[in-house]
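Enquirer: model this:
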Amino acid sequence: VSTIIGQTYSLSFDWALPSYEGGNYSLPDLSSQFQVKVNDEVIFEYDGSYGIRNEWTNQALNFRADSSETKISFTEVGYSDAEGTLLDNVVVSQEPVIRGNSLYAIVDGPSWTEAEANSVKLGGHLVTINDESENMWLGTNAIGMEEGYFGDAKWLVNAWIGYTDKDEEGTWKWTSGEETSFTGWGNGAPANYSLPDNYFLPDGTNYRYEDRSEDFAHFIIPAEGGYGYPDFYWNDAYDRAHLGHWMNGGNHPDINGIAEIPFIRRGDSAYVIVEGPTWEEAEANAVSLGGHLVTINDEEENDWLHLEFDIRYTGDNNYYYTGFTNKEAGEDFEWINGEDASYTNWLPGEPNNANGLAEEDYAILGWSEVANLGEKQWVDVSNRTEFTPSGFGRIPDSKLLGIAEIPLAPNNTPTGSPTLTGDFKVGQTISIDASAIEDADNFEGWTPTYEYSWEVSNDNGTSWTALTSSDATDGDDSYTLTSEEVGKQLRGVVSYLDG
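Expert: Just a heads-up that it's a prediction; the model follows:
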């Protein structure tokens, strides 16, 4: 497989022994000993010591690429009298790229419109660049994210971003709806070149309007020695960029896009709403982000999901696929990421495979709080379900979504404590000094924005109450003491989003 040197990848696979028709192999001959190698280095080996197993389903390993081409091999070793070992569902995916509370991914184009649509499928939009530090970060990391450009020009990076004036000429907006003052235009951009209405393609057909007006921004790093190297800059282009270059004999370039997907963190997982409308499409979108459709491990997580994403039946609500399925396992439902199904919360009588039109192989959220139905419980449905709580009738595709769960690296606990400085007398202004705080999650180029608040205690620090005056809640690091704090303990609180 093609890989990027220094990048971390996830390798998942199924390894199983076939069963005799009409029965299984008898013990102890189920153990198939095997090795997994990356460039001839063994990264996993099963030697039978874990007990006898007849299958390894959805096994997941990580490796770091040290070359641009990586060889992955699976080898049966040792003794086994079971011929015909099955290797299936081998998937190599790049670990998610994270900055702050956003995931970043490369999405296919080649047009800006297609890249934006593919970003929306993943739960986000083409990237919004808020400031110079994010612009620099993207330039540094886009190559590592496998951004590609396949035209004649040898750009290091050429990727669509979410900036456009397609709705109103000269008014550039981010598709995410965010408002920022930063721009990174190159010299002379945006030029907004337009082609005449009678401009034709080589086959005699007219250009689409979107290909005659430069309404879409892309992010460029020229090749070494090229124009503007080594700066990162933006340019405006047609929806299918550089068609004029293609018409004059060059290659029509395929430009990818950089998607930015906001996520909600809970523990060591990121949660994102992805599009369906089929279970397979929702799962594929989750895998593109480095995860799977959600695995619900306990009642606490089930409750949290329903509250966080407001999952409840209203008659016009969304429905959410989970990773719980029996599409391959017959009657038994299993989590698609391979975790044990130690917790379930089926509605009484479910799963019942009662669609009548198709097999109900997928657990879905969104039927709770219907009259006489239990709260936050699950039902099984068919793919692109044909049955609604009110009777037969397809749920609109726009209402069939999925919840993706992406594993994250453990959050590092910050070290150091803020201190209070100043003259602690009524009428004097004191400050919170946060300079001693250090956090390994704040990588180079990420500067957290601190928010400051104030609390008091009447019981020697056993309990604390937040101050609510305008001075205490303005978010800055200073506070002017009043007579209300006399005889009480006072502390400053520093909060921030780490990198």
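Enquirer: and Ala115, how far from Ile273?
Expert: In this view, Ala115 and Ile273 are 19 Å apart by CB to CB, to the nearest Å. Any C-beta I mention is one placed from the backbone N, CA and C, and that applies to glycine too.
Enquirer: quick one: contacts of stretch 409-422?
Expert: 265, 268, 428-434, 436-441, 490-494, 498 (CB atoms under 8 Å, 6 or more residues apart in numbering).
Enquirer: hang on, the earlier thing: ok, Ala115 and Ile273, which is more surrounded?
Expert: Remark: of Ala115 and Ile273, Ala115 carries more neighbours, 27 against 20, as counted by other CB atoms under 10 Å.
Enquirer: which residues of the stretch 251-400 of the chain fall in helices?
Expert: In the stretch 251-400 of the chain, the helices defined using DSSP state H, counting those that start in this stretch lie at 279-288, 299-308.
Enquirer: okay, these in CSV with mean pLDDT next?
Expert: Formatted as CSV, these follow (pLDDT from 0 to 100):
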stretch, mean pLDDT
helix 279-288, 89
helix 299-308, 94
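Enquirer: what's the most buried one of those?
Expert: helix 279-288 (a mean of 21; mean count of other CB atoms under 10 Å).
Enquirer: what's that one packed up against?
Expert: Where contact means 3 or more CB pairs under 8 Å, 6 or more residues apart in numbering; DSSP states H and E, helix 279-288 is packed against strand 86-94, strand 269-275, strand 292-293, strand 319-325, strand 400-407.
Enquirer: using PDB, list the CA coordinates for it.
Expert: Extracted in PDB, the C-alpha atoms of helix 279-288 (Å, rounded to 0.1, in the frame of the first residue of the first chain):
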ATOM      1  CA  TRP A 279     -26.000   1.800   7.100                       C
ATOM      2  CA  GLU A 280     -23.100   0.900   4.800                       C
ATOM      3  CA  GLU A 281     -22.700   4.600   3.800                       C
ATOM      4  CA  ALA A 282     -22.800   5.800   7.400                       C
ATOM      5  CA  GLU A 283     -20.200   3.200   8.400                       C
ATOM      6  CA  ALA A 284     -18.000   4.100   5.500                       C
ATOM      7  CA  ASN A 285     -18.100   7.700   6.500                       C
ATOM      8  CA  ALA A 286     -17.200   6.800  10.100                       C
ATOM      9  CA  VAL A 287     -14.300   4.600   8.800                       C
ATOM     10  CA  SER A 288     -13.100   7.600   6.700                       C
END
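Enquirer: closest one to Asn235 among the helices of the stretch 251-400 of the chain?
Expert: helix 279-288 (26.9 Å; CB to CB).
Enquirer: show residues contacting that closest one.
Expert: With CB under 8 Å, 6+ apart, helix 279-288 has contacts from 91, 93, 105, 121-123, 272, 274-276, 292-293, 321, 323, 325, 327, 336, 361-362, 383-384, 400-402, 404-406.
Enquirer: partners of Ser453 in the sheet?
Expert: Bridge pairing for Ser453 (DSSP bridges) gives the partners Val493.
Enquirer: which ones are touching it?
Expert: 466-467, 472-473, 475, 492-493, 495.
Enquirer: and it, what pLDDT?
Expert: As predicted, Ser453 sits at a pLDDT of 95.
Enquirer: for Glu134, same thing?
Expert: At Glu134, pLDDT is 87.
Enquirer: for it, give me its contacts.
Expert: Taking CB under 8 Å, 6+ apart as the test, what Glu134 contacts is Arg99.
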